[in-house]
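Engineer: give me a model of this one.
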Amino acid sequence: MIEATRRRGGEQTSRPASTPPPPPAANLDAADADRVQLLIASLAATERERSRLAAALEAAAAERAEEARVQAALEARTAERAAELARLTERLGSEQARFQAALEACAEERRAEVERLTERLQSALSREGEASRRVTELERELADLRRQREHDPPATSPEAPRPDRVGETPEPDVTPVTAVRIAVPQEHAVAVVDAGGVWPAAGPGGEDVSVISPADLAGRLEELAPGCVVANLAAPGALEAIAALRASGWTMPVRGCLAATAHAVPLGPVEVIRRPLDGEAIQRALGAHAGRGARVLIVGTDVDFFAALREALGRRGLSVSMAWDAHHVDDLLAMVRPDVALIDLALGSRDVRPIVARLAAVDPVPTAVLVLGTEPAAGDFSAAMTYPVVAARAVPLHQLLAKALGREASGAGGAR
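Structural biologist: Predicted coordinates for the structure are as follows:
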């Protein structure tokens with residue numbers, strides 16, 4: 001604008017002489033002053049605009065710098081996240097591979113276990129089938145013998161029918177037992193078969209309590225004629241003494257317990273049978289405790305004998321389950337809830353101890369029919385008391401006597 005003003009001023013000074021005379025000097029000064037003021041105002045406005053634009057430019061530059069910083073930070077964070085993701089992906093792959101290997105190993109173990117159990121089951125079923133065939137053959141032979149006897153005149157009066165026969169193991173040499181004289185039970189007399197202990201001298205109803213050593217059991221029972229007999233199965237010789245009395249024809253009910261010091265764990269009725277395995281003796285023992293429909297659990301490893309026994313008991317209307325070790329008993333016990341447990345003590349301590357402990361913890365405790373093994377089993381019954389589930393059921397001796405007497409009283413009208 002200043003340059004344009006100067007050009008106009010130059011044009012005015014270079015006008016020819018023929019142009020009209022200029023306006024008065026006073027008017028020119030006023031006009032120039034106005035133009036100068038306008039120019040100054042315009043210049044000031046221009047400076048302000050330039051300053052504003054410069055400030056805006058600086059702000060834009062600062063924003064671009066901040067954006068660049070934020071972009072750099074985002075790129076760095078993205079790179080970190082990408083590295084972390086790669087690390088986690090690698091770790092996940094490693095863990096998946098490890099878990100997959102563990103699952104495959106576990107599946108392989110399960111397959112091997114299933115195969116082993118399947119083979120074992122097939123073997124047991126095969127043995128059971130063989131035993132069933134043997135039973136069928138024996139029944140056929142027995143029928144033939146009966147038909148032959150029908151054609152032959154009997155030398156003596158016919159005997160009462162005997163229980164179904166099953167296979168028997170060879171009978172070892174056994175010392176004969178003198179039969180106990182049968183006397184009228186004295187309700188006020190209680191006999192405790194134990195090798196020691198601190199049993200009370202009187203029962204809860206004033207009964208006379210006598211502790212009898214297993215070695216003197218036959219003579220003392222004949223002398224006392226007790227109305228209730230309680231036997232500590234953990235006492236050395238107690239099982240053998242009861243088995244000897246049963247072999248002699250003594251039929252007094254016996255209630256078992258596991259006693260130590262001043263406390264004892266109550267058990268149910270107990271039957272003890274000598275070896276060899278005798279199907280008729282076992283069926284006679286079961287007959288006093290298991291009627292038609294009763295649930296019986298058989299535990300033993302002589303598959304042929306016990307499979308034949310199961311067939312015979314099944315024909316009598318009993319529901320029979322079989323187990324061959326402590327683990328199998330643990331699986332069956334809660335499901336079967338047996339009324340009677342037949343245990344072959346020849347299983348050995350590793351199985352007898354947990355089996356006794358498991359049975360002692362059942363409520364109500366099933367009747368125990370025990371077949372003696374080749375070794376004394378009192379130590380196994382004593383060791384069963386150390387199991388926490390058994391020790392928790394221990395009661396003082398006077399309470400155990402009260403329980404035994406109460407049950408005997410409620411069962412006085414039974415078969416035995």
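Engineer: pLDDT weak spots in the stretch 151-300 of the chain?
Structural biologist: Where the stretch 151-300 of the chain drops to pLDDT under 70, the residues are 151-183.
Engineer: quick one: the helices in it, in order.
Structural biologist: 217-224, 238-247, 279-287 (DSSP state H, counting those that start in this stretch).
Engineer: what ranges in the stretch 1-150 of the chain fall below the confidence cut-off?
Structural biologist: Short version for the stretch 1-150 of the chain, where the test is pLDDT under 70: 1-26, 124, 127-150.
Engineer: before we move on, back to that, looking at the helices of the stretch 151-300 of the chain, which is buried most?
Structural biologist: Highest mean neighbour count among the helices of the stretch 151-300 of the chain (mean count of other Cβ atoms under 10 Å): helix 238-247, with a mean of 22. Where C-beta positions appear, they are placed from N, C-alpha and C, glycine not excepted.
Engineer: give me the angle between it and helix 217-224.
Structural biologist: Relative orientation of helix 238-247 and helix 217-224, computed by axes from the mean of the first three to the mean of the last three Cα atoms, to 10 degrees: 70 degrees.
Engineer: can you give me how far helix 238-247 is from the chain middle?
Structural biologist: Offset of helix 238-247 from its chain centre (Cα atoms, centre = their mean, to the nearest Å): 36 Å.
Engineer: compute the inter-axis angle for it and helix 279-287.
Structural biologist: Using the same axes, to 10 degrees: helix 238-247 against helix 279-287 is 100 degrees.
Engineer: give me the contacts around helix 238-247.
Structural biologist: Here helix 238-247 makes contact (Cβ atoms under 8 Å, 6 or more residues apart in numbering) with 174, 177, 180, 193-195, 214-215, 217-218, 221, 231-233, 254, 270-274, 285, 345, 370, 372, 376-378, 381.
Engineer: and the residue lying closest to Ala383 once chain neighbours are set aside, how far from Thr118?
Structural biologist: Spatial nearest neighbour of Ala383, chain neighbours left out: Arg353 (5.0 Å); criterion: Cβ to Cβ, 6 or more residues apart in numbering. Distance, Arg353 to Thr118, using Cβ to Cβ, to the nearest Å: 29 Å.
Engineer: which of these two has more neighbours?
Structural biologist: Arg353 (22 against 10; other Cβ atoms under 10 Å).
Engineer: number of residues surrounding Asp29?
Structural biologist: For Asp29, the count of nearby residues is 10 (other Cβ under 10 Å).
Engineer: what's the helix or strand for it?
Structural biologist: If you go by DSSP states H and E, Asp29 is part of helix 25-151.
Engineer: check which helices and strands that helix sits against.
Structural biologist: For helix 25-151, the packing partners by 3 or more Cβ pairs under 8 Å, 6 or more residues apart in numbering; DSSP states H and E come out as helix 2-13, helix 303-315.
Engineer: ok, residues contacting stretch 207-224?
Structural biologist: Here stretch 207-224 has contacts from 177-178, 180-181, 183, 186-197, 199-203, 226-229, 235-238, 240-242, 244-245, 248, 250, 252, 401, 405, using Cβ under 8 Å, 6+ apart.
Engineer: narrow those to those that are buried.
Structural biologist: With neighbours counted by 16 or more other Cβ atoms under 10 Å, the contacts of stretch 207-224 contain buried members at 177, 180, 189-195, 197, 199-200, 203, 226-229, 235-238, 240-242, 244-245, 250, 252, 401, 405.
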